[in-house]
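coords please:
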Amino acid sequence: MNRRGFLKNTGRYLGALSFVGNPFSRTASWMPSANAQTVTGLPSQIFLNQLGYLPSRAKVASVAERASTFTIQSTADSSIAFRGSLSQPRPDAASGDLVQLADFSGLTMPGRYWLALDTGSISDPFVIGPDAYKQALYMTMRAFYGQRCGCNVDLGGGYAHPPCHLDAAYHASSGKKGVLKNHGGWHDAGDYGRYIVDSGISTGTLLWTWEFFEPVVHNLNLRIPESGGKIPDFLAEIQWNLEWMLTLQDKDGGVWQKQTSEQFCGFIMPQDDHAVSYVIGTGFAPYKSTCATGDFCAVMAIAARCYNTCAPEFAQRCLQAARKAWNWCQKYPNVLFDNPRGINTGSYADSGCSDELLWAAAELWRTTGEAAFQHAFLSQFSGGAQAAHLEVDAPSWGGVSALAYWSYAMSMEKSPDAATTAIQQSTLDTAHWLQSKSANNGYGNTLSMTDYIWGSNGVAANHSLLLIVANHFHPDPTVLDCALNNLHYLLGRNCLGISWVTQLGARPYQHPHHRPSIAGMVSAPWPGLLSGGPNAHPADSVADTLPHKPPMRMYIDDHLAYSVNEVAINWNAPLVFLLAAANSLQ
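Predicted coordinates:
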């Protein structure tokens, strides 16, 4: 929902929460809801991945109580499968805890276990096995089906809604009048808006998942309406969003920023949101934005590769759309967007579009092999002095340079040039820096103190994406283990002992800022959704009431606390990438 861009690479925005009407009482809008949880009453202070571990990979739990030794015991008969000693206690700045580590990497026998301390405390049960993350990949990818707009959605178990948002109109800011006969796409987050910029990085990340890990996802049965067709389910789900993105490209090749109502609706089901769904532009000629058009261009170029075998006609349609978008961007290289007057939904405003254009050039070069696109990439790469002072950071919706660099480097792997060498080396340097962060964090994640921002869990997932790409360039099992450390953090190895993915683990969070989860007739939230997570600088009236604590503790499980507990497709997408990578290791 509340997702206006305010700084490149940080992720979210600061701004007031705006609704049509008054969906909450004055008291409720300023107080935590009755269902709010601060995650207390844990059975122990042992924190680990609540799903489990792969047999051949590192396995470490964090312990926030004083103990000396531990055992790993079978849940079937309490037999001891592993004995070990805890590390010396050390302070952890992000949580404020004094943490000891229990390393049981030497245990490779598949089974269901718990960890027991010599103090008598025991952990949640977990599994060791090759399929430890199989269900998680299924659920987090199927969550995109749950986010579909414009069709009947039925995940089973009451998680369903009929078609929504079937009517659209051009807003005055778009430069056009009248209606637009379109539907589709994914609801972006906890609200019902659809945004090209966020769809860009989300869809691009999922398509990269296909390219990196096709053997893992090719036969993934998502139980979606298209299941059993010629297109694999994984690509069929992505195509649902691509088709909507194509409807927001104007005849001149430019792409409008978003399709939303004028304000966010209250906590109602999507079919009950009858506000006009507007195609919204900049409010001034040429009305489309360069960042949106650049993102669109890059994604369509990737889609042309991914669908070339199973849906060649659609692949060609995507490539043609990418070319038109590229040509538009050459005429309008930096048309920026911010919400026009009267529009209070997320803007995804950006300070510059050079990174989106770099990504578009790289993906078109990788897809077509045409020298003009390589020249466009190298001209910007060299002209910006990136080669001399290159720093590759994890991607975000407002900072997609890394995707551009990596795509170019992967296209040149058989005959690397100076740019490729610089990109690979800088990626490795960043990976090693992230490894040092993980080694110095009591809970193993790669987050710096300043990374606990709006969507910090998405930052952690994108850190893992970078680590996995670094491993692609130069295979290193320690880099992969570092990537998996963020997965362990997201699924329970954190100071709150919470799984930040709905319906996964022993204690998943319960109250996402997600309209169908609150307005629907089900007791548990919709499955497979990653929470934004701890935010050291909360920007809503609920989380802002939290007492100041170390950043990993700046979290409350409350659906009104959107700056810590919203969901978003651009956070779920790198989690899917990470889970596909994890499943590929077995």
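
quick one, domains of the chain?
Domain assignment of the chain by automatic domain parsing yields the ranges 32-129+412-586, 147-391.

Out of those, which gets nearest to residue 135?
Of all the domains of the chain, it is domain 32-129+412-586 that lies closest to residue 135, at 7.8 Å by C-beta to C-beta. The C-beta positions use only the backbone N, C-alpha and C, and glycine is treated the same way.

Just give me how far the closest one sits from the chain centre.
Once both centres are worked out by C-alpha atoms, centre = their mean, to the nearest Å, domain 32-129+412-586 turns out to sit 14 Å from its chain's centre.

so can I have CSV of the domains of the chain showing distance to residue 404?
Output for the domains of the chain, formatted as CSV (distance: least, C-beta to C-beta, whole Å):
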stretch, distance to residue 404
domain 32-129+412-586, 9
domain 147-391, 4
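
With residue 140 as the reference, name the closest of those domains.
domain 32-129+412-586 (4.5 Å).

could you give the mean pLDDT of the closest one?
For domain 32-129+412-586, mean pLDDT rounds to 95.

who are the neighbours in contact with residue 518?
Counting by C-beta atoms under 8 Å, 6 or more residues apart in numbering, residue 518 touches 267, 511, 559.

Just the ones in strands from these, please.
Per DSSP state E, strands hold no members of the contacts of residue 518.

which one among those gets closest to residue 351?
The shortest approach to residue 351 among those belongs to residue 559, at 31.2 Å (C-beta to C-beta).

What is the burial count for the spatially closest residue to the closest one that is not a sequence neighbour?
Leaving aside its sequence neighbours, residue 559 sits nearest to residue 511 (C-beta to C-beta, 6 or more residues apart in numbering; 4.5 Å). Residue 511 has 22 neighbours, counted by other C-beta atoms under 10 Å.

From residue 540, how far out is residue 511?
13 Å (C-beta to C-beta, to the nearest Å).

want to throw the contacts of residue 518 into JSON lines with distance to residue 140?
Shown next, in JSON lines, are the contacts of residue 518 (distance: C-beta to C-beta, whole Å):
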{"residue": "267", "distance to residue 140": "23"}
{"residue": "511", "distance to residue 140": "19"}
{"residue": "559", "distance to residue 140": "20"}
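
hmm, back to that, quick one, phi/psi of the residue nearest to residue 559?
Torsion angles at residue 511 (phi, psi; degrees, to the nearest 10) stand at phi -130, psi 70.

ok, back up a step: relative to residue 215, which of the contacts of residue 518 is nearest.
Looking across the contacts of residue 518 and measuring by C-beta to C-beta, the closest to residue 215 is residue 511, at 36.8 Å.

Confirm for me that residue 193 is in contact with residue 260.
Yes. Taking C-beta atoms under 8 Å as the definition, residue 193 is a contact partner of residue 260 at 3.7 Å.

Compare neighbour counts for the two and give me the winner.
residue 260 (28 against 25).

how about the residue nearest to residue 106 when sequence neighbours are not counted, secondary structure?
Distances taken as C-beta to C-beta, 6+ apart place residue 82 nearest to residue 106, at 6.6 Å, with adjacent residues excluded. Assigned with DSSP: H, G, I helix; E, B strand; the rest coil, residue 82 falls in the strand class.

From what I see, residue 82 and residue 108 are in contact.
No. In this structure residue 82 lies outside contact range of residue 108 using C-beta under 8 Å: 9.7 Å.

if you count what's nearby, which of those two comes out ahead?
Neighbour tally, residue 82 and residue 108, criterion other C-beta under 10 Å: the higher count belongs to residue 82, 20 against 15.

need the contact list for the more buried one.
Residues near residue 82 by C-beta under 8 Å, 6+ apart: 71-72, 104, 106-107.

What's the PyMOL line that selects buried ones from these?
What follows is the PyMOL syntax selecting those of the contacts of residue 82 that are buried according to 16 or more other C-beta atoms under 10 Å:
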select buried, resi 71+72+104+107
